[in-house]
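A.B. asks: coords below, sequence missing:
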């Protein structure tokens, strides 16, 4: 059992459908979560109430923000023998990064991996084979068009038995 902080972006219906159709074919986590930015990665030693309190404290004064993604990139997983296909925002990259950094500036700082750089992204695919991941990325980029969205809220989610359950939604203003 772990807690995470996710930002499920607001997307136009056709953009969401495009991402989901692609994820259904290529993303191992398709059935676990909708497209999202992970802001705080799995933490299993902080109970829900203090976790939520920390998120509320750190998110005070943070406004919702727009983002745009228009291309996919390949990323080597740091912990597993996997390659991922990520949609990385151009517009909004700084905003997602600052949100992540703010969350890890307090109580969650002990859980920040010191040697891993954070790359804001929406996962659209995964593969064990690097060449297969390159094909997933190339296929997306060949048909790519800008996808615009907004991050309006953060969701504290419980991950248990390969299932995510939202336990608190925190609106950004």
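C.D. replies: Thanks, I have the structure now. This structure is a prediction, so every number in the text was calculated from the model and none was measured. Residues are numbered from 1 along each chain as shown.
A.B. asks: since we're on residue 142, how many residues are nearby?
C.D. replies: Neighbour count of residue 142, defined by other CB atoms under 10 Å: 7. Where you see a C-beta, it was placed from the backbone N, CA and C, and this is true even at glycine.
A.B. asks: let me redo that: residue 140
C.D. replies: When neighbours are counted by other CB under 10 Å, residue 140 registers 20.
A.B. asks: which stretches of this structure have low pLDDT?
C.D. replies: For the chain, no stretch has pLDDT under 70.
A.B. asks: Show me where it has its helices.
C.D. replies: Residue ranges of the helices in the chain, as given by DSSP state H, are 13-26, 48-59, 93-103, 130-142.
A.B. asks: who touches the third one?
C.D. replies: To tie it back to what came earlier, the one meant is helix 93-103. 5, 7, 37, 39-40, 54-55, 58-59, 62, 65, 67, 89, 118, 120, 151, 154 (CB atoms under 8 Å, 6 or more residues apart in numbering).
A.B. asks: mind listing which of the residues you listed are in strands?
C.D. replies: Using DSSP state E, 5, 7, 37, 39-40, 65, 67, 151, 154 are the members of the contacts of helix 93-103 that sit in strands.
A.B. asks: nearest to residue 24, of the residues you listed?
C.D. replies: Set against residue 24, the nearest of the ones in strands among the contacts of helix 93-103 by CB to CB is residue 37 (19.5 Å).
A.B. asks: picking up where we left off before, which among the contacts of helix 93-103 end up buried?
C.D. replies: Those of those that meet the buried threshold are 5, 7, 37, 39-40, 54-55, 58-59, 62, 65, 67, 89, 120, 151, 154, by 16 or more other CB atoms under 10 Å.
A.B. asks: Of the helices of the chain, which is nearest residue 74?
C.D. replies: Among the helices of the chain, helix 130-142 comes nearest to residue 74, with 5.0 Å by CB to CB.
A.B. asks: ok, back up a step: redo the ones in strands among the contacts of helix 93-103 as TSV? Include distance to residue 171.
C.D. replies: Listed next are those as TSV, based on distance: CB to CB, whole Å:
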residue	distance to residue 171
5	14
7	12
37	16
39	14
40	17
65	13
67	17
151	11
154	8
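A.B. asks: beta partners of the residue most central in space within the chain?
C.D. replies: Nearest to the mean C-alpha position of the chain, counting by CA atoms, centre = their mean, stands residue 37 at 2.0 Å. Residue 37 forms beta bridges with residue 7, as assigned by DSSP bridges.
A.B. asks: do residue 157 as well
C.D. replies: In beta-bridge terms (that is, DSSP bridges), residue 157 pairs with residue 4, residue 166.
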